[in-house]
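Chemist: A predicted structure for the sequence below; I have some questions about it.
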Amino acid sequence: MRTHVSRGRDPRARGLGFGHAHADAVEETAAHYLKAFAARGFDLDEVRRRGHGLGERLRVELPEIFEEIRGIADGAEIDRDVLLAVNARTELLGGAAECSLIGVLPERSGGPTILAQNWDWHPPLAASCVLWHVEQGDGRWLTTVTEAGMLAKAGLNDRGLAVGLNRLQTTADSGRIDGIPIHLMLRLALQDCDDLAAVGALVRGGGASASSCISVAQAATEDRAAEMACFEISPLGVHEVRPEAGVILHTNHFIAPFAGTVDINERDLPDTVERLEELRETVRDVPGQVDEDLVKAALSSHQGGPCGVCRHPLPGEDNETETLFSIVMRLEERSLDVAEGAPCDAPFESFAELTA
C-alpha cells in the first residue's frame, strides 16, 4: 500500500508535503468525487461554493485543519474548495453500504484490544488509498488509512486510541455541511483525544449533519481497563452502543434507531442486516476466545455471497462497491495490519515499524 510519513508541527507544511508527494492520488480522489457530486446534482460551481463555505468556517473554528487541507490542495495543485468539499463527502453524498466492523476486548481476545474493519467503496478509489503516519511532536503520533486528500478514516494513535467508521443514512440527513464533517471528526479524534470519553465529547459537540457510526476503542493500561463503544451519529443526536460478551460489531444501519426518522439503509439495503447477523454468529456468539485469526477470517468471509462481509462487485451493478482495504489494529501494541484489497485474496501487511 502507498505510505506517507509526515514530521513536524506545521499543518500547512505537512499538507504541502503530502500533496506534492501524492499529487496523482489526490487528483484521482478529487476527480472521482466530482463525478459522484455531479450524479447527485452538484455542478462544479455548487461544489466549490459548498467547499468554500466549509473553508470559511474551518478557517475560524479549526484553523490547523483548514491549513492542512489547503496545503494538500496547493501541493497537489488542485482547487482547494473542491478538496474541502471532498473532505465533507459523507455530508454531500449521504450513506450507502460501506464497511463491516469488529471490536474485541482483552477479556474475550485472550490478548490485545482489537479494532478491525473492512472498507467497502468504489473500485476506482483503490489507487487513492494511503497509509499516512503523522508525527505530531512531543512523542505524539497518529496513523490512518484514508483516501489521499482526506485527513483521516480508520486509524490509531500513540495513546492506544483507535477509531473506525461505518456510514449510516436516515431521512433526517440534510445534505448540508453543518458542524464538523465526519471525516474531520475522525482526524480530530486521532490527533487530539486521549481516551474514549474525549471522543464521545467531540462527537456529541460536533453538530453533525450526516449520519455515521464512529467506533472507538482504547487500550488497557496499568491504571484503566480497555474500553470501546460505537457512537451512532445522526442530525438528531448521538446514541452510544457498548460491547456484548466482550465484542462490538457494526455494519451500515442503526442498532439503536432514532424516533421520528427512517433508517434508509435498513429499509433499502438488506445486506447490512445480514452482515451484522453473520458477524454475531461467527464472532460474538462463538464459544471461547475471539483472537486475531478469527477476526481476520470473519473479515474474509463469503458466507453472505458477493455482498457479504468480504464484498465483491456484482456484474452490472450501477453503484458497484467492493472491499478496498481491511485493517486490524492491536491497541496495546500500537500496531496495525492492512490488507490492500479484499482480505480473501490480499495478504495482511504489518506496519508496526511506523508506530514503534
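Modeler: Everything's here; your move.
Chemist: low-confidence ranges, the stretch 1-150 of the chain, go.
Modeler: Within the stretch 1-150 of the chain, the stretches with pLDDT under 70 are 95-98.
Chemist: show me where it has strands.
Modeler: 3-7, 100-104, 114-121, 129-137, 140-147 (DSSP state E, counting those that start in this stretch).
Chemist: same thing with the stretch 201-350 of the chain?
Modeler: Under DSSP E, counting those that start in this stretch, the stretch 201-350 of the chain gives strands at 212-218, 227-234, 237-241, 247-250, 322-330, 335-340, 348-350.
Chemist: so what strands line up beside the third one?
Modeler: Strand 237-241 sits in its sheet next to strand 227-234 (antiparallel), going by DSSP bridges.
Chemist: so for the partner strand, mean pLDDT?
Modeler: Strand 227-234 shows a mean pLDDT of 97.
Chemist: quick revisit: tell me which of the strands of the stretch 1-150 of the chain lies nearest to F348.
Modeler: Relative to F348, the nearest member of those by CB to CB is strand 114-121, separated by 10.2 Å. For glycine as for every other residue, the C-beta is placed from the backbone atoms N, C-alpha and C.
Chemist: a markdown table please, covering the strands of the stretch 1-150 of the chain and showing distance to P243 and mean neighbour count.
Modeler: Shown next, in a markdown table, are the strands of the stretch 1-150 of the chain (distance: least, CB to CB, whole Å; neighbours: other CB atoms under 10 Å):
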| stretch | distance to P243 | mean neighbour count |
| --- | --- | --- |
| strand 3-7 | 31 | 16 |
| strand 100-104 | 7 | 29 |
| strand 114-121 | 11 | 27 |
| strand 129-137 | 27 | 20 |
| strand 140-147 | 23 | 24 |
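Chemist: how about those strands, which one is nearest S211?
Modeler: Closest to S211 of these, according to CB to CB: strand 100-104, at 15.3 Å.
Chemist: which residues does that closest one contact?
Modeler: With contact meaning CB atoms under 8 Å, 6 or more residues apart in numbering, strand 100-104 is reached by 113-118, 120, 164, 166, 213, 215, 217, 228, 230, 243, 246-251, 275-276, 279, 283, 290, 295, 298-299, 309.
Chemist: using CSV, lay out the strands of the stretch 201-350 of the chain together with distance to E266.
Modeler: Formatted as CSV, the strands of the stretch 201-350 of the chain follow (distance: least, CB to CB, whole Å):
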stretch, distance to E266
strand 212-218, 13
strand 227-234, 12
strand 237-241, 14
strand 247-250, 13
strand 322-330, 21
strand 335-340, 28
strand 348-350, 31
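Chemist: quick one: those strands as a markdown table, columns for distance to I78 and mean neighbour count too.
Modeler: Shown next, in a markdown table, are those (distance: least, CB to CB, whole Å; neighbours: other CB under 10 Å):
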| stretch | distance to I78 | mean neighbour count |
| --- | --- | --- |
| strand 212-218 | 25 | 26 |
| strand 227-234 | 29 | 23 |
| strand 237-241 | 33 | 15 |
| strand 247-250 | 33 | 25 |
| strand 322-330 | 22 | 25 |
| strand 335-340 | 24 | 22 |
| strand 348-350 | 29 | 14 |
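Chemist: quick one: which of those is nearest A154?
Modeler: Between A154 and those, the shortest gap by CB to CB is with strand 322-330, which sits at 5.2 Å.
Chemist: against which helices or strands is the closest one packed?
Modeler: strand 114-121, strand 154-157, helix 292-299, strand 335-340 (3 or more CB pairs under 8 Å, 6 or more residues apart in numbering; DSSP states H and E).
Chemist: and those as a markdown table, adding distance to D79?
Modeler: What follows is the helices and strands packed on strand 322-330, written out as a markdown table (distance: least, CB to CB, whole Å):
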| stretch | distance to D79 |
| --- | --- |
| strand 114-121 | 22 |
| strand 154-157 | 26 |
| helix 292-299 | 36 |
| strand 335-340 | 28 |
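Chemist: to G175, which of these lies closest?
Modeler: Closest of the helices and strands packed on strand 322-330 to G175 is strand 114-121, at 19.3 Å (criterion: CB to CB).
Chemist: and the contacts of that closest one?
Modeler: 97-104, 145, 153-154, 156, 162-166, 215, 217, 228, 292, 295-296, 299, 309-311, 321-331, 343.
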